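Trainee: below are the sequence and a predicted model for it; my questions follow.
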Amino acid sequence: MAIRQKEKYRLSMVGEYGVCSELSKRGYDVSMTMGNAKAVDVFVFKQDNTCRRIEVKTSRSPKFVTGFFQKYYDISQSNHPDIWILVYVDPDNISHYYILTHQEMGDVQMQRNGQAQWQHNPNGVDNVLLKHIQQYEGKWSKI
C-alpha cells in the first residue's frame, strides 16, 4: 500500500472510530462496517428498535470530498445514509464533528455547486467546505 493511500486509510479510520466512540459515549449501540465496498460506515441502533445509517467523511483540510450528486442525484432515492457526519481533524489533532441529515447534506451540496435542485453532477467529484457546515457542529441530537 502506498504511503499516501495508507495515510488516507488511517484518517478514515480516525473519523469512523471517533464517531463510534462519540455515539457510544452518548448511550447508543453502534456497529462499524468494514471494507471498501460498503454502503455506509456506521450503523446506530436506537432504543425504539430503529437503525440509522451513517456516512462518515474525514478530512485534515477544510474540504470534504462527498461525491454526493454522483450517487444521490434523485431526492426520492431510498438507499442513502440517514445521517452524514463530517469529521475535521484540526492541526492540533482535535476532531470536530459536523452532523447533517441526508436532506441537509444535499442542500449544502446544492449551495456549494450553485444548483437549484437535486441533479446528477457529472463534473468532477462533489465536495463541501468547512465554512459551509459550521452550523452543524456537535448536533448529535439528530441521531
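Mentor: Yes, it's here.
Trainee: so where's the chain uncertain?
Mentor: 1, 3, 35-38 (pLDDT under 70).
Trainee: elements contacting the lengthiest helix in it?
Mentor: When the chain is parsed with DSSP state H, its longest helix is helix 3-25. Counting contacts by 3 or more Cβ pairs under 8 Å, 6 or more residues apart in numbering; DSSP states H and E, helix 3-25 is packed against strand 29-32, strand 42-45, strand 51-59, strand 83-89, strand 95-101. Heads up, the C-betas are built off the backbone N, CA and C, glycines and all.
Trainee: for the residue lying closest to residue 136 once chain neighbours are set aside, give me its contacts.
Mentor: Spatial nearest neighbour of residue 136, chain neighbours left out: residue 98 (4.4 Å); criterion: Cβ to Cβ, 6 or more residues apart in numbering. Applying Cβ atoms under 8 Å, 6 or more residues apart in numbering, we find residue 98 in contact with 85, 86, 87, 88, 133, 134, 136, 137, 139.
Trainee: one more time with 10 Å
Mentor: Residue 98 makes contact with 57, 64, 84-88, 105, 108, 128, 130, 132-139, according to Cβ atoms under 10 Å, 6 or more residues apart in numbering.
Trainee: would you mind checking these for buried ones?
Mentor: 57, 64, 84-88, 105, 108, 128, 130, 132-133, 136, 139 (16 or more other Cβ atoms under 10 Å).
Trainee: nearest to residue 76, of those?
Mentor: Taking Cβ to Cβ as the measure, residue 76 lies nearest residue 105 of the buried ones among the contacts of residue 98, at 15.7 Å.
Trainee: how close does that closest one sit to residue 4?
Mentor: As judged by Cβ to Cβ, to the nearest Å, residue 105 and residue 4 stand 26 Å apart.
Trainee: before we move on, what about residue 31?
Mentor: Computed as Cβ to Cβ, the residue 31 to residue 4 distance reads 29 Å.
Trainee: same thing with residue 69?
Mentor: Using Cβ to Cβ, residue 69 is found at 26 Å from residue 4.
Trainee: those two: which is more packed in?
Mentor: residue 69 (22 against 8; other Cβ atoms under 10 Å).
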